[in-house]
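*Asks:* Got a sequence here, can you build the structure:
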Amino acid sequence: NGIAITTSTMASAPWFLRQERNFTADMCPVFINILNKYLFGSLPEYMESIAPFVTSDVMKTAAYELKGCVLKLSQEHSEAIGELMVISFINYYY
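*Replies:* Take a look at the predicted model:
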């Protein structure tokens, strides 16, 4: 019972999402886990959560640096960003 999202419906999406695919409820736990590890987990926890999706050393380094930015945020700001990302994701795809 997924929502089919195709190239034609995602013209404004980032390049890595511009391919035909189905988003199902199975995708949400993975997304939520990565988001939680990004905002609230340790650096090793975050890197482990994204490991299946990292395809190059450049991507790994970028993810490491991105997580470093979040580690500097207050708990309140991390929570606000988490809420914003989930709401944006839900509104865009559903």
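*Asks:* Low-confidence ranges, the protein, go.
*Replies:* Within the chain, the set of residues satisfying pLDDT under 70 comprises 1-27, 93-94.
*Asks:* just so I have it, where are all the helices in it?
*Replies:* Taking DSSP state H, the helices of the chain run over residues 27-40, 43-50, 57-71, 75-93.
*Asks:* could the ones you listed go into a markdown table alongside mean neighbour count?
*Replies:* C-beta: built from backbone N, CA, C; applies to glycine. Output for the helices of the chain, formatted as a markdown table (neighbours: other Cβ atoms under 10 Å):
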| stretch | mean neighbour count |
| --- | --- |
| helix 27-40 | 15 |
| helix 43-50 | 16 |
| helix 57-71 | 12 |
| helix 75-93 | 12 |
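*Asks:* List the contacts of the nearest residue to Tyr38 once chain neighbours are set aside.
*Replies:* Excluding its sequence neighbours, the residue lying closest to Tyr38 (Cβ to Cβ, 6 or more residues apart in numbering) is Tyr46, at 5.4 Å. Tyr46 is in contact with Ile34, Lys37, Tyr38, Ala63, Lys67, counting by Cβ atoms under 8 Å, 6 or more residues apart in numbering.
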